[in-house]
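In: Curious how this folds, go ahead:
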Amino acid sequence: MRPSSWTPGYLPLRDAAAWAGVSPRTVKRWIARGLPVYQAGPRTKVLIKPSDIEVFLNRVQAPQPDLNAMAEAVFADLTARAG
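Out: Numbering: from 1, shown residues only. Predicted coordinates for the structure are as follows:
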């Protein structure tokens, strides 16, 4: 579990995965979907900022459906059909 008051600067891929509580393979999928990474050169270690993970996950998070509005719409439709 990550401490809430302290965030490391840059983490290698495996450590970033552990920090996020996911597998390294999941982090690689996130990178393919646009998670920023930092490298000194083409064959150097990939580093990831935990703050970038948080921003990425908030950006790609699916919106939560308004279940109350959906239920009201179904109820209104059923009432209209019955009346």
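
In: End to end on stretch 40-47, go ahead and measure it.
Out: One end of stretch 40-47 to the other measures 9 Å (C-alpha to C-alpha, to the nearest Å).

In: secondary structure element for the spatially most central residue of the chain?
Out: The centroid of the chain falls nearest to residue 57 when counting by C-alpha atoms, centre = their mean (2.2 Å). Under the criterion DSSP states H and E, the helix or strand holding residue 57 is helix 50-60.

In: Now that helix: buried residues?
Out: Neighbour-count burial for helix 50-60, counted by 16 or more other C-beta atoms under 10 Å, picks out 50, 52, 53, 56. All C-beta spots, glycine's among them, are computed from the backbone N, C-alpha and C.

In: do stretch 59-66 as well
Out: Residues of stretch 59-66 include none that count as buried (16+ other C-beta under 10 Å).

In: again with stretch 25-40
Out: So for stretch 25-40, counting by 16+ other C-beta under 10 Å, buried means 27, 30, 31, 35, 37.

In: about what we covered before: which SSE is immediately downstream of the helix holding residue 57?
Out: Going down the chain from helix 50-60, the next helix or strand is helix 67-82, by DSSP H and E.

In: where does the protein dip in pLDDT?
Out: In the predicted model, the chain carries pLDDT under 70 at residues 1-7, 61-62, 83.
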